[in-house]
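1. sequence and predicted structure are below.
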Amino acid sequence: MLLSTLVSRIKHAFSPAKVGVWILVIISLIALFFIVQSLSSFYALRKTSWRAHMLQQPRTVTTEDIQGWMTFEYLNVVFKLPPEYLREALSIETAKYPRITLRRYAEQSRIDPPALIRSVQEAIAEYR
């Protein structure tokens with residue numbers, strides 16, 4: 001009697017329907033574990049990258065860094081110049097000032113671009 005009751009309980013406990021439910025629960029828990037691991041790794045990586053980015057010191061721009069793609073407006077902002085300083089110092093007469101690039105201004109004025117850049121560097125050095 002005791003043995004038959006035990007056997008019937010074991011059969012009932014391990015019925016195909018219950019085994020299927022337990023397998024589904026175990027697979028769901030494993031999937032949830034990997035999802036949580038992936039998300040925590042993703043956000044930890046983003047947090048680390050953001051902190052590293054925030055700790056970087058801003059790069060200081062010198063007059064040696066001036067290039068032809070830069071506009072006069074950009075140079076005024078970067079070097080903290082008054083808006084009309086370069087126009088007056090270099091006798092610039094174009095209506096497109098300060099939103100014209102150094103290269104374009106040199107082409108329109110038939111000036112050698114490296115010579116214009118040297119003139120801009122000297123004007124900025126005089127202002128400082």
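-> Arrived safely, thanks for sending.
2. drop to CA atoms for contacts and neighbour counts, all remaining ones
-> OK.
3. and residue 124, how many residues sit next to it?
-> The tally of other residues near residue 124 (other CA atoms under 10 Å) stands at 20.
4. does it belong to a helix, a strand or coil?
-> Following DSSP: H, G, I helix; E, B strand; the rest coil, the label given to residue 124 is helix.
5. do you know how far it is from residue 25?
-> 71 Å (CA to CA, to the nearest Å).
6. now do residue 59
-> As judged by CA to CA, residue 59 and residue 25 stand 54 Å apart.
7. the two: who's more crowded?
-> For residue 59 versus residue 25, the count of surrounding residues by other CA under 10 Å is larger for residue 25: 12 against 6.
8. show me what secondary structure element comes after the helix or strand harbouring that one.
-> For residue 25, the element it lies in under DSSP states H and E is helix 16-55. Moving toward the C-terminus from helix 16-55, the next helix or strand (DSSP H and E) is helix 72-78.
9. and for that next one, what's in contact with it?
-> With CA atoms under 8 Å, 6 or more residues apart in numbering as the test, helix 72-78 has contacts from 61, 81, 82, 83, 86, 97, 98, 99, 100, 101, 102.
10. and residue 95, what does it touch?
-> For residue 95, no contacting residues are found, by CA under 8 Å, 6+ apart.
11. for it, give its distance to residue 87.
-> Residue 95 sits at a distance of 11 Å from residue 87 (criterion: CA to CA).
12. what does residue 28 give?
-> 70 Å.
13. and the two? Which one has more around it.
-> Between residue 28 and residue 87, counted using other CA under 10 Å, the more crowded position is residue 87 (15 against 12).
14. the helix or strand hosting that one packs against which elements?
-> Residue 87 is part of helix 85-90, with elements assigned from DSSP H and E. Identification of packing neighbours for helix 85-90 by 3 or more CA pairs under 8 Å, 6 or more residues apart in numbering; DSSP states H and E yields helix 113-127.
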